[in-house]
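Enquirer: Let's see this in three dimensions:
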Amino acid sequence: MKTREVQLRVTRKETWWPKFEVPANMSDEEAERYINAEAPDEVYDEYNHKYTLDTDTYAEVMKHSDIDSIGTDLIPKKI
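Expert: Model prediction:
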């Protein structure tokens, strides 16, 4: 049987729902800035939220014109 090699693009979207304690008098915007400044693993590490992690993964075969438009430097080379 003849075969051919195709280039795939795999896209993954991950979503999780952490909870984090902030001072009660903070607005939502202030709380978001506070959490972003702290950047705690308990918020941003998906492994800590593996029980609420929702992952959507998509794969599609790339056409040669699509590969040319993204540049060959982004395509992994065989070792």
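
Enquirer: can you list contacts of stretch 52-62?
Expert: 6-18, 46 (Cβ atoms under 8 Å, 6 or more residues apart in numbering). (Each C-beta comes from the backbone N, C-alpha and C, glycine too.)

Enquirer: what's the farthest-apart pair in those?
Expert: The distance between the two most remote of the contacts of stretch 52-62 (Cβ to Cβ) is 37.7 Å, for 6 and 18.

Enquirer: mind checking the longest helix of this structure?
Expert: helix 28-38 (DSSP state H).

Enquirer: Could you list the buried residues of the following helix or strand past it?
Expert: Proceeding N to C from helix 28-38, the next assigned helix or strand is helix 41-44, under DSSP states H and E. By neighbour count on 16 or more other Cβ atoms under 10 Å, the buried set for helix 41-44 is empty.

Enquirer: Please spell out the PyMOL selection for the buried subset of the contacts of stretch 52-62.
Expert: A single PyMOL command selects the buried members of those (16+ other Cβ under 10 Å):
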select buried, resi 16
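
Enquirer: Perfect, I'm done here.
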